[in-house]
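S.K.: Any chance you could fold what I've pasted below:
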Amino acid sequence: MPTKKRILTVCVKLFLEKGYKQTTLAEINEKAGVSYSQFQNIFRAKDGVLTELVEFMFENQFAMARSAAGAKLPPIYVYAVETAIQMTLTELNENLREIYIEAYTQKEASEFIFRETAKELYQIFGPYQPELTARDFYDMEIGSASIMRGYMAHPCDEELTLEKKLRLFLTMSLRAYNVPKEETEQAIRFVEGLDIRTISEQVMQALFRALAMRFEFSLAGITLPAQK
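M.R.: Predicted coordinates for the structure are as follows:
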């Protein structure tokens with residue numbers, strides 16, 4: 001197996017098994033059979049691997065959301081479902097929580113998220129604010145992604161339930177994108193009518209299988225799903 005692919009295989013499996021922060025470069029290099037200089041020449045640092053992982057994870061998120069929301073529903077429902085799935089995934093699996101938080105934090109990975117998400121936002125919310133450009137939606141995504149990261153980093157508890165967290169995030173984000181109050185409430189109620197935990201568990205299982213296939217590793221030792 002080529003060196004880059006071998007490193008990716010080891011990294012992704014370790015990130016899912018024990019978490020991003022707990023995975024050390026020494027462990028990666030040992031299991032991949034590479035030297036520190038070989039790793040550095042290809043990825044520079046651990047966040048270089050994270051970027052490749054994030055690109056794959058985010059690639060089909062909106063497609064999955066469209067499938068859950070239904071093709072005939074307004075585009076804002078797709079946004080509502082997609083963001084709800086992301087946040088629910090972080091409540092189902094602590095290692096995924098860490099991956100998402102790091103993805104929204106690290107410069108290279110977050111830049112990819114901002115850029116790709118802004119394209120979707122421009123298509124979805126452009127009609128609500130026709131005076132805005134694609135660059136404007138990129139700038140707004142920096143803010144909405146920060147809200148997303150904040151909620152992901154704060155686990156649900158008796159006071160901040162998942163349902164409350166999703167309603168708060170969607171209310172703030174849809175308001176920022178100038179969606180009328182009535183439409184915002186309809187989209188939130190649609191999400192609340194879904195079994196978002198079951199949907200997210202199915203997405204997580206599909207994601208783990210896709211990652212195992214893409215990066216060619218076994219899911220043995222990885223709990224699927226690893227619920228709290």
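S.K.: Low-confidence ranges, this protein, go.
M.R.: Scanning the chain for pLDDT under 70 picks out 1, 60-62, 65-66, 68-71, 223-228.
S.K.: Tell me which residues touch residue 25, please.
M.R.: Going by C-beta atoms under 8 Å, 6 or more residues apart in numbering, residue 25 touches 36, 39, 46. Placement of C-beta: from N, CA and C, glycine included.
S.K.: mind running it again at 10 Å?
M.R.: 11, 36, 39, 40, 43, 45, 46 (C-beta atoms under 10 Å, 6 or more residues apart in numbering).
S.K.: Keep only those of the residues you listed that are in strands.
M.R.: Among those, no member falls in strands (DSSP state E).
S.K.: From those residues, keep the buried residues only.
M.R.: 11, 39, 43, 46 (16 or more other C-beta atoms under 10 Å).
S.K.: Nearest to residue 73 among those residues?
M.R.: Closest to residue 73 out of those is residue 11 (37.2 Å), distances taken as C-beta to C-beta.
S.K.: what's the spacing between the nearest residue to that closest one once chain neighbours are set aside and residue 117?
M.R.: Counting by C-beta to C-beta, 6 or more residues apart in numbering, the nearest residue to residue 11 once its immediate chain neighbours are dropped is residue 49, at 4.4 Å. Per C-beta to C-beta, to the nearest Å, residue 49 is found 21 Å from residue 117.
S.K.: circling back to that earlier point, so the residue nearest to residue 11 makes contact with residue 13?
M.R.: No: contact criterion C-beta atoms under 10 Å: residue 49 and residue 13 do not qualify, at 11.4 Å.
S.K.: Give me the nearest residue to residue 128, chain neighbours excluded.
M.R.: Among residues not flanking residue 128 along the chain, residue 178 sits closest, at 4.4 Å (C-beta to C-beta, 6+ apart).
S.K.: Just say helix, strand or coil for the one you found.
M.R.: Assigned state for residue 178: coil (three-state reduction, DSSP: H, G, I helix; E, B strand; the rest coil).
S.K.: Quick check: it vs residue 151, distance?
M.R.: Distance from residue 178 to residue 151, by C-beta to C-beta: 21 Å.
S.K.: For residue 131, which three-state class applies?
M.R.: Residue 131 ends up coil, using three-state DSSP.
S.K.: And it, its phi and psi?
M.R.: Backbone torsions of residue 131, given as degrees, to the nearest 10, read phi -80, psi -10.
S.K.: Excluding chain neighbours, what is closest to residue 217?
M.R.: residue 13 (4.4 Å).
S.K.: rewinding a little: out of residue 49 and residue 13, which sits in the more crowded spot?
M.R.: residue 49 (25 against 22; other C-beta atoms under 10 Å).
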